[in-house]
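Chemist: coords please:
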Amino acid sequence: MVSAGLRRLVPAGLLTVALTLLGAAGAAAAGSPVKVGSPLSSGPPAITVDSAGAAVIAWANQQELGGGTDFVQYCVVPLGATGCSHSGNLTPVGGANHVDGVQVLSDGGTLVILADVFGSPFSAVGRFEPEQEWQSTDGGASWTAVNGGISVSTGILNADTVPVGGVILPGTGALGYGWDTAGPAGPTFNAFPLTGPPECSRATCLAGFASLEPSTNPDQLGNEPGEFASISSGPLGGVMGVFETLFTNGPLGCAQDFGTAWVYGSGNQSPSNNYNISPGQANTAWRVPVTQADCNTQYAAVGGGPSGFGLLEDQLTGQTIYHRFDAATEKFDTAPVVVADQNERQAALSQDGAGNIYGTYLLGGDGGPVTLSYSADGGKSWSSGRLDSDSDSGVTSLTSGVDAAGQGWVTWIDNGSVFAQPFKATDAIAPAAVGGSATTNGETVALNVTCASFPCTITIVLTAPETVDVHASSASIARSKSKRGKHRTVALGSGKFTIKSKGSHKLAVKLSAAGRRFVRSHSGRVKITAKVSELHGKLTTRTLELKIPKRHHKKKK
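Modeler: You can find the predicted model right below:
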């Protein structure tokens, strides 16, 4: 983010630069990064995932070639594509020459791009600054400037205010945008309608905006890194902002300086529950003003969904942790959970429609691999996997999002180009491990299974090759073909299990009628096959040595 104090004018006029689309020929492999643009100089990319699972990415092109001004570039990448299905440039209205703080939101069938703009040379500069909005109702094929480019939101207290981020508010058709101001001012927040928003600019804003930190606080936030997240529907609907702190005393003080502060509002946007009214005042939606969350943490990300709000943080002890917010008490009074035994940088948090949580970050800090962590139990346990190795240690401005169905996309900048990569929960989940032996009591087969994430719901299918000891006419036999010709297998049994804790678990699979006949016809050690499929699609196939005691063996007459 660029401080207003560092903003400078550049010559008027816009040099239109075509968006360069680069991608490998043919269809992209699942999870392969796609190069979607090469602006060379740009602000951080923003991303949302639409209802079709496509990534919608936008960023500020700040290259200023030939003295030109900044503009917004966008790209829509369908799942499986090698480039953008829709792309283009959006020029700020009013002659503004600088763009930053670009955000992308998806509200039902409407896509929204928000951009912080400034530097207009025209006399009407106040009406077009600071927040311009574009909307698309055709999946990103075309975009229209809202209100002809007149600013839709503001929270600027002085010249040193920076944009923090936009969200979809709880309720119907309402958006919000947060800001942070240096000095004794702190963060602010403005709510505005999705459709037909009134002017809210540096010139005028009848709706006003909320100041989120009490002026009586001796510790006043100022331009510290932060972000906002929302839960736009359901009983947990609300908004949370998170900010880094650097105080040694006072209400935001920590012994080692570093800490995390938060602010929280809940309920649908309305005149009687208004996100434009400051905490502590009548009819405000804000329940908790800026308050200390954790000490000895940094680089916090906030996300929310059906599992509630939570923070992904870098702990100074060298671990990445997740801290779940308790909406019932309106406090972070839950115990943090270790996500990774290394630090993180550039983290982002998202949830799908079922409340499964997805975190992306650089594992081990800058230069580390792009990593996905996943939790299916509200943040109590996590599994992790690598999405990209970051082989040149050049990944910056990493962020991500998921849709309701769990289709995720992560985007970043590397060496002047913008990349996007799809992911699913399975990219963070290791296949279940199966022991090499099994036993039977004549009614079940017992085998040992270990999962990497929890809860772990698996289906086990046991089969064995048919031998002369089992006649095809007297057993349930599955027939299949192979390159060598026909062969037969016996369906021994199957079962579904849920594992909720670490370690090896002995599971008993009930034998089918054919499985019981198989056991009675054998003794000693027999080779069988176990196929263990995890709920999210991971499959483990293992050949086991089944030990059949002689007492279960029955000779044919």
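Chemist: C-alpha from now on. contacts and neighbour counts both.
Modeler: OK.
Chemist: Name the residue closest to the centre of the chain, please.
Modeler: The residue lying closest to the centre of the chain (C-alpha atoms, centre = their mean) is Ser350, at 3.2 Å.
Chemist: Return the backbone torsion pair for that one.
Modeler: The phi and psi values for Ser350, taken as degrees, to the nearest 10, are phi -150, psi 160.
Chemist: what about Val402, neighbour count?
Modeler: The tally of other residues near Val402 (other C-alpha atoms under 10 Å) stands at 28.
Chemist: Name the nearest residue to it, sequence neighbours excluded.
Modeler: In this structure, Val402 finds its nearest non-sequential neighbour in Gly408, 4.0 Å apart by C-alpha to C-alpha, 6 or more residues apart in numbering.
Chemist: so what's that neighbour scoring on pLDDT?
Modeler: With respect to pLDDT, Gly408 scores 98.
Chemist: what do you get for the one 10 residues further on?
Modeler: The per-residue pLDDT reported for Val418 equals 97.
Chemist: ok, it - how many residues close by?
Modeler: Val418 has 27 nearby residues by other C-alpha under 10 Å.
Chemist: Pretty sure it sits against Ser38.
Modeler: Yes - counting by C-alpha atoms under 8 Å, Val418 touches Ser38, with 6.1 Å between them.
Chemist: Can you work out which residues contact both of these two?
Modeler: By C-alpha atoms under 8 Å, 6 or more residues apart in numbering, Val418 and Ser38 have no common neighbours.
Chemist: Could you list every helix and strand in contact with whichever strand or helix holds Ala491?
Modeler: For Ala491, the element it lies in under DSSP states H and E is strand 485-499. Judged by 3 or more C-alpha pairs under 8 Å, 6 or more residues apart in numbering; DSSP states H and E, strand 485-499 is in contact with strand 456-465, strand 477-482, strand 505-510, helix 513-520.
Chemist: Now with 6 Å, please.
Modeler: strand 456-465, strand 477-482, strand 505-510 (3 or more C-alpha pairs under 6 Å, 6 or more residues apart in numbering; DSSP states H and E).
Chemist: lowest-confidence stretch among these?
Modeler: strand 477-482 - the lowest mean pLDDT of these, at a mean of 42.
Chemist: Look up which residues are beta-bridged to Tyr74.
Modeler: Ala58, Gly88 (DSSP bridges).
Chemist: I figured it hits Ser87, correct?
Modeler: Yes - in this structure Tyr74 lies within contact range of Ser87 using C-alpha atoms under 6 Å: 5.4 Å.
Chemist: where do the strands sit along the stretch 1-150 of the chain?
Modeler: Under the criterion DSSP state E, counting those that start in this stretch, strands of the stretch 1-150 of the chain are mapped to 34-37, 46-49, 55-61, 71-77, 86-90, 98-107, 110-118, 131-136, 144-145.
Chemist: Export these as TSV, with columns for mean neighbour count, distance to Arg287 and mean pLDDT.
Modeler: Below are the strands of the stretch 1-150 of the chain laid out as TSV (neighbours: other C-alpha atoms under 10 Å; distance: least, C-alpha to C-alpha, whole Å; pLDDT from 0 to 100):
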stretch	mean neighbour count	distance to Arg287	mean pLDDT
strand 34-37	24	41	96
strand 46-49	28	27	98
strand 55-61	29	32	97
strand 71-77	24	35	97
strand 86-90	19	37	97
strand 98-107	24	24	96
strand 110-118	24	26	96
strand 131-136	23	26	98
strand 144-145	16	34	98
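Chemist: so can I have CSV of the helices and strands packed on strand 485-499 showing distance to Ala293 and mean neighbour count?
Modeler: Output for the helices and strands packed on strand 485-499, formatted as CSV (distance: least, C-alpha to C-alpha, whole Å; neighbours: other C-alpha atoms under 10 Å):
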stretch, distance to Ala293, mean neighbour count
strand 456-465, 31, 20
strand 477-482, 59, 12
strand 505-510, 37, 18
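Chemist: which residues sit in contact with the residue nearest to Glu534 when sequence neighbours are not counted?
Modeler: Leaving out its chain neighbours, the residue that sits closest to Glu534 by C-alpha to C-alpha, 6+ apart is Ile458, at 4.4 Å. The contact partners of Ile458, by C-alpha atoms under 6 Å, 6 or more residues apart in numbering, come to Lys496, Phe497, Ser533, Glu534, Leu535.
Chemist: Check Ser417 too.
Modeler: Gly37, Ser38.
Chemist: could you redo the last one with a cut-off of 8 Å?
Modeler: Lys35, Val36, Gly37, Ser38, Pro39, Leu40.
Chemist: Just the closest of those to Asp107, please.
Modeler: Val36 (23.2 Å; C-alpha to C-alpha).
Chemist: follow-up on the earlier one: now the residue nearest to Val402, which residues is it bridged with?
Modeler: Val402, Phe423.
Chemist: In this structure it contacts Ser51, no?
Modeler: No - in this structure, Gly408 is not within contact of Ser51 by C-alpha under 8 Å, at 11.3 Å.
Chemist: Domain map for the chain?
Modeler: 1-151, 433-552 (automatic domain parsing).
Chemist: Between those, which one is closest to Gly165.
Modeler: domain 1-151 (6.6 Å).
Chemist: how far does that closest one sit from the chain's center?
Modeler: In this view, domain 1-151 has its centroid 20 Å away from the chain centroid, taken as C-alpha atoms, centre = their mean, to the nearest Å.
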